[in-house]
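Undergrad: Return a 3D structure for these sequence lines:
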Amino acid sequence: MIIPLAHRADQTQEYYFSVKLAEVRRLVAAGHDVINLGIGNPDLMPSVNTIDALIRSAQQPTSHGYQPYKGTPGLRKGITRFYDHTYGVTLDPDTEILPLIGSKEGITHISLTFLNDGDGVLVPELGYPAYRAVSSMVGATVREYPLLEHDGWQPDWEAMTDLVAGSPTRTKIIWMNYPHMPTGAPATRALFERAVRFAHDHQILLGHDNPYSLILNKKPPISLLSVDGAKDVAVELNSLSKSHNMAGWRIGWMAGARSYVDAVLTIKSNVDSGQFKPLMDAAAEALTNSDAWHQERNAVYQGRLNAVHALLDALNCTYSTDQEGLFIWAKLPDTVESAEALVDDLLYKKHVFIAPGFIFGPKGNRYVRVSLCMPKERIEEAVGRLNQDFSMI
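TA: Numbers count the residues shown, from 1 in each chain. Alright, predicted model coming up:
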């Protein structure tokens, strides 16, 4: 290569799963039956009415041209109805919704919109790697805030205050995500009220990522935007990837006050030319899925959850049974040297792949994360493989 890389490319590593899944594919190509419990890629189908809506729309001659940068009115109205029914939150479909090609795109656009070189960004010490990666790519200064394991992985607010006060540059954004990934810590109204108050006190944009609120939730789902004053300082990302079995469709959105939506649209409109109309029409239909549909999906995940607990028991891990979302977060026994060594040993000796906790932050070095995106029978098969002689235990 004779052209030097930009600093952002030089400083950013390839996404862990991009690298590891290439190893998994090589094993499969070599004839090995790998049980992949590492990633959150739902294996269940979208609802029948969603597929039917996609087909109907794709058959229309008018469905194949460029679409509005803000998405179709039908999709935006579908999102507002979903928020009203699911969270009791009222949104204006014309001014407070911005459809996205998934939440990861939203993280990037929000960062490009509000961050200058050197601006501070608070990210959880355990969290979605894109928060750190994107912040670094745009030249911001990443500051990790502690999560208190003894307090259900809640933010350490005093430490966060010190991070803001002690920073030589202004802190502009704080990223949060509850139900939390990877720990599965549930969302609570008290948590969201404290977060909104913190954002007001320090004049920071609060970015909340909310894709897991409908998966194995033990209480009615909650949106950050249901808190008084949230729209003044916060935006919420959401998507259909996990909650509606539509990960590959790349349908998400940002919800918030008009000023934030318009600002992010300025960046987004220079990056893409809108989404495919049949996808948006089908997404609008998916958002009408009944509560019973979601309950049926969660019943499947509950059966898998029991099998994952058996797998973690076979590894002598400890875990909380209060977790919500699509993954189970578990602590390794003291007898296991490292998560990375365990993951590689499982992959190459047992052909079972789980995620090491360190990819979500250094505090995850003694943890693993297991996905529920695999049929119960396959998880039980993985348990059977582990219960055979396994030198790491």
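Undergrad: any chance you could map the helices in the stretch 201-350 of the chain?
TA: Taking DSSP state H, counting those that start in this stretch, the helices of the stretch 201-350 of the chain run over residues 230-233, 258-268, 277-286, 291-314, 339-345.
Undergrad: Which of those sits closest to residue 146?
TA: Taking Cβ to Cβ, helix 339-345 is the member of the helices of the stretch 201-350 of the chain nearest to residue 146, at 19.7 Å. For the C-beta atoms, the positions are set from N, CA and C on the backbone; glycine is no exception.
Undergrad: List the buried residues of that closest one.
TA: Along helix 339-345, these residues count as buried under the neighbour rule (16 or more other Cβ atoms under 10 Å): 339, 342-345.
Undergrad: before we move on, what about stretch 129-136?
TA: Along stretch 129-136, these residues count as buried under the neighbour rule (16+ other Cβ under 10 Å): 130-136.
Undergrad: Need the buried residues of helix 339-345 in CSV (columns: pLDDT).
TA: Rendered in CSV, the data for the buried residues of helix 339-345 read as follows (pLDDT from 0 to 100):
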residue, pLDDT
339, 89
342, 92
343, 92
344, 91
345, 92
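Undergrad: Format those residues as CSV; extra columns: distance to residue 314.
TA: Formatted as CSV, those follow (distance: Cβ to Cβ, whole Å):
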residue, distance to residue 314
339, 16
342, 12
343, 15
344, 17
345, 13
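Undergrad: And residue 43, how far from residue 103?
TA: Residue 43 sits 20 Å away from residue 103, going by Cβ to Cβ, to the nearest Å.
Undergrad: okay, these two: which has more neighbours?
TA: Neighbours around residue 43 and residue 103, counted as other Cβ atoms under 10 Å, are more numerous at residue 103. The numbers are 24 against 14.
Undergrad: can you pull the contacts of that one?
TA: Residue 103 makes contact with 209, 211, 237-239, 241, 252, according to Cβ atoms under 8 Å, 6 or more residues apart in numbering.
Undergrad: Tell me if residue 369 really is in a strand.
TA: Yes. Using DSSP: H, G, I helix; E, B strand; the rest coil, the assignment for residue 369 is a strand.
Undergrad: just checking, it touches residue 128?
TA: No. Using Cβ atoms under 8 Å, residue 369 and residue 128 do not qualify as a contacting pair, with a distance of 11.7 Å.
Undergrad: okay, and for the stretch 51-200 of the chain, where does confidence drop off?
TA: Within the stretch 51-200 of the chain, no stretch has pLDDT under 70.
Undergrad: try 90
TA: Counting by pLDDT under 90, the stretch 51-200 of the chain contains low-confidence residues at 102, 166-169.
Undergrad: so where do the strands sit in it?
TA: For the stretch 51-200 of the chain, applying DSSP state E, counting those that start in this stretch gives strands covering 97-100, 120-124, 141-145, 147-148, 154-155, 171-176.
Undergrad: Retrieve the pLDDT associated with residue 352.
TA: pLDDT for residue 352: 95.
Undergrad: Run through the residues that contact residue 311.
TA: Contact analysis of residue 311 by Cβ under 8 Å, 6+ apart lists 37, 370, 379, 382-383, 386.
Undergrad: CSV for those, including secondary structure and pLDDT?
TA: Conversion of the contacts of residue 311 to CSV gives the following (DSSP: H, G, I helix; E, B strand; the rest coil; pLDDT from 0 to 100):
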residue, secondary structure, pLDDT
37, coil, 95
370, strand, 97
379, helix, 97
382, helix, 96
383, helix, 95
386, helix, 89
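Undergrad: most surrounded residue in these?
TA: Counting neighbours by other Cβ under 10 Å, the one among those with the most is residue 370, which has 29 neighbours.
Undergrad: which residue is nearest the middle of the protein?
TA: Geometric centre of the chain, nearest residue: residue 211, 5.7 Å, by Cα atoms, centre = their mean.
Undergrad: export the buried residues of stretch 129-136 to JSON lines and tack on distance to residue 120?
TA: Converted to JSON lines, the buried residues of stretch 129-136 look like this (distance: Cβ to Cβ, whole Å):
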{"residue": "130", "distance to residue 120": "17"}
{"residue": "131", "distance to residue 120": "13"}
{"residue": "132", "distance to residue 120": "13"}
{"residue": "133", "distance to residue 120": "16"}
{"residue": "134", "distance to residue 120": "14"}
{"residue": "135", "distance to residue 120": "9"}
{"residue": "136", "distance to residue 120": "12"}
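Undergrad: need the contacts of residue 103 in a markdown table with pLDDT and distance to residue 59, can you?
TA: A markdown table is the format used below for the contacts of residue 103 (pLDDT from 0 to 100; distance: Cβ to Cβ, whole Å):
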| residue | pLDDT | distance to residue 59 |
| --- | --- | --- |
| 209 | 97 | 35 |
| 211 | 96 | 30 |
| 237 | 98 | 32 |
| 238 | 98 | 29 |
| 239 | 96 | 26 |
| 241 | 96 | 25 |
| 252 | 97 | 25 |
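Undergrad: Sticking with the residue located most distally from the centre of the chain, tell me its helix or strand.
TA: Counting by Cα atoms, centre = their mean, the extreme residue of the chain relative to its mean C-alpha position is residue 2, 36.8 Å from that point. Using DSSP states H and E, residue 2 sits within no helix or strand.
Undergrad: Pop the domain breakdown of the protein in here.
TA: The domain map for the chain lists 7-45+292-387, 65-286, with the assignment taken from automatic domain parsing.
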